[in-house]
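J.: Sequence plus the predicted model coming up.
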Amino acid sequence: FFFVLMAQSKHARAGELAWNKVEKINAELFTLTYGSIVTQLLRDFEDVEEVNKRLEKMGYNIGCRLVDDFVAKSATGRCADFKETAEVIAKVALKMYLGVTAQVVNWSTDLLECSLILDENPLADFVELPDQYRGLFYSNALAGVIRGALEMLQMKVEARFVKDVLRGDDTTEIRVSLKEIMQDEIPPGYE
Amino acid sequence: LQIYNLFMFDRHGTCLYKESWHRSSASNDEEKLIYGMLFSLKQFCLRMSPKHQEGFNSFKTSAYKLHLFESPTGVKLIMMTDPAVDDMREVLRHIYANIYVEFLVKNALYKQRSPATCELFVSSLQKWIRGQPTFASGA
């Protein structure tokens, strides 16, 4: 138990350090910018499912780039296993980019699937979902960021929101499951 | 002590950038040779290692030394220098963290998996390399 505690506090410290180092922007500006993107998507597509998909795709593209910034700045080494990867996302990455942390819970028995519980979600400040948008996962970009970032680290994962306080759930929960560890690509013509 | 070449590959093996200095001869398709060799060498290191670790950093011939830096995202930076040059990984790491990430990855117009031609990236890289004490000493 002691070791688990030590490992956790190590990531929490790394998260604090990274958070102190990065440049900050105004929270209201950030939240309103994200909000206006979501509203515009809803106007353009008029279909909640399609908007969920687009938000995920946007997040994916962000994640593919952001991960290099994370690697360059966070000074966390290679993770030993997926368990550590989840901890680093929850305690270091979310802290560094959103100023919040998550709890990693509900591990599957094979340790390939877990949930990130977000106690706070700065994307969703000031947001109220009208009834006709009940199916919307407002912060779905976040799930995409996780998928994109991990793919660049050779982990194919599925990340999706399963609960969101905006939809009346008791918590905000992202389910992340590891599908495949990708191998180095073989150069063309290589035997 | 001189720097001869710099190559940059993404994790798919796409050559993002290459440049040479202080060389009298150069052959075509060098990047393909380098990438293929590196791939084999990494496999070799992995299979021969008693600890199942990769850990390939550099090798040396009588004419040059090859240095490798690889980020966890699979970006590979390869530099060839005079054989007497010390460890260059810190220099390569700086290029990755402060030039590749800042001027290429964060440039919204840059499409991943395509050669790096953005002016700001190229000029910053050139400036940094030329500022290295190893770049031209003894030239």
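T.: Yep, it's here.
J.: which intervals of chain B have sub-threshold pLDDT?
T.: B:1, B:136-139 (pLDDT under 70).
J.: Which parts of it are helices?
T.: Remark: helices assigned in chain B by DSSP state H are B:30-48, B:89-94, B:119-131, B:133-136.
J.: Against which helices or strands is the last one packed?
T.: The one in question is helix B:133-136. Packed against helix B:133-136, as judged by 3 or more Cβ pairs under 8 Å, 6 or more residues apart in numbering or on different chains; DSSP states H and E, are no other helices or strands. C-beta coordinates here come from the backbone N, C-alpha and C atoms, glycine included.
J.: Please go through chain A and pick out the longest helix.
T.: Counting by DSSP H, the longest helix found in chain A is helix A:48-74.
J.: Check whether that helix comes into contact with chain B.
T.: Yes - interface with chain B: helix A:48-74 contributes A:64, A:65, A:67, A:68, A:69, A:71, A:72, A:73 (Cβ under 8 Å from any Cβ of the partner chain).
J.: picking that back up, would you list the helices of chain B in TSV and tack on mean neighbour count?
T.: Putting the helices of chain B into TSV (neighbours: other Cβ atoms under 10 Å in any protein chain shown) gives the following:
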stretch	mean neighbour count
helix B:30-48	15
helix B:89-94	16
helix B:119-131	14
helix B:133-136	14
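J.: And the closest residue to residue A:93 other than its chain neighbours, how close does it get to residue B:94?
T.: Spatially, and ignoring its direct neighbours in sequence, residue A:93 is nearest to residue A:70 (5.9 Å; Cβ to Cβ, 6 or more residues apart in numbering or on different chains). Using Cβ to Cβ, to the nearest Å, we find residue A:70 at a distance of 17 Å from residue B:94.
J.: Pull out the buried positions in stretch A:125-145.
T.: Counting neighbours by 16 or more other Cβ atoms under 10 Å in any protein chain shown, one finds that the buried residues in stretch A:125-145 are A:129, A:136, A:137, A:138, A:139, A:140, A:141, A:142, A:143, A:144, A:145.
J.: so which pair among those is furthest apart in space?
T.: Largest separation among those by Cβ to Cβ: A:129 and A:145, giving 20.9 Å.
J.: Now for residue A:111, how many residues are close by?
T.: By other Cβ atoms under 10 Å in any protein chain shown, 12 other residues sit near residue A:111.
J.: In contact with it, which residues?
T.: A:81, A:82, A:83 (Cβ atoms under 8 Å, 6 or more residues apart in numbering or on different chains).
J.: which residues touch the second one?
T.: By Cβ under 8 Å, 6+ apart, the contact list for residue A:82 reads A:111, A:112, A:155, A:178.
J.: Chain B: which of those is nearest?
T.: residue A:155 (10.8 Å; Cβ to the nearest Cβ).
J.: And that closest one, how far from residue A:173?
T.: Taking Cβ to Cβ, one finds residue A:155 at 20 Å from residue A:173.
J.: Same question for residue B:92.
T.: Between residue B:92 and residue A:173 the computed distance is 40 Å (Cβ to Cβ).
J.: The residue in chain B positioned nearest to chain A: how many residues sit nearby?
T.: Nearest to chain A in chain B, going by Cβ to the nearest Cβ, is residue B:97, at a distance of 3.7 Å. Other residues near residue B:97 come to 16 when the count uses other Cβ under 10 Å.
J.: Excluding residues flanking it in the chain, which one is nearest it?
T.: Distances taken as Cβ to Cβ, 6+ apart put residue A:72 closest to residue B:97, at 3.7 Å, once the chain neighbours are dropped.
J.: that older thread, which among the helices of chain B is found nearest to residue A:19?
T.: Per Cβ to Cβ, nearest to residue A:19 of the helices of chain B: helix B:89-94, 22.3 Å.
J.: list the helices and strands the closest one packs on?
T.: strand B:65-70, strand B:76-81.
J.: distance between the last one and the chain's centre?
T.: For strand B:76-81, the separation from the chain centroid amounts to 3 Å (computed by Cα atoms, centre = their mean, to the nearest Å).
J.: wait, doesn't residue A:94 sit right on residue A:88?
T.: No - Residue A:94 is beyond contact range of residue A:88, at 9.6 Å (criterion: Cβ atoms under 8 Å).
J.: more crowded one of these two?
T.: residue A:94 (23 against 20).
J.: who touches the helix or strand harbouring that one?
T.: Secondary structure from DSSP states H and E places residue A:94 in helix A:94-98. The set of residues external to helix A:94-98 that reach it, using Cβ under 8 Å, 6+ apart, is A:15-16, A:18-19, A:22, A:66, A:70, A:73-74, A:100-102, A:116, A:118, A:121-123.
J.: and if you look at stretch B:38-58?
T.: Counting by Cβ under 8 Å, 6+ apart, A:184, A:186-187, A:190, B:13, B:59, B:65-68, B:76, B:78, B:87-89 sit against stretch B:38-58.
J.: Need the distance between the two termini of it.
T.: One end of stretch B:38-58 sits 11 Å from the other (Cα to Cα, to the nearest Å).
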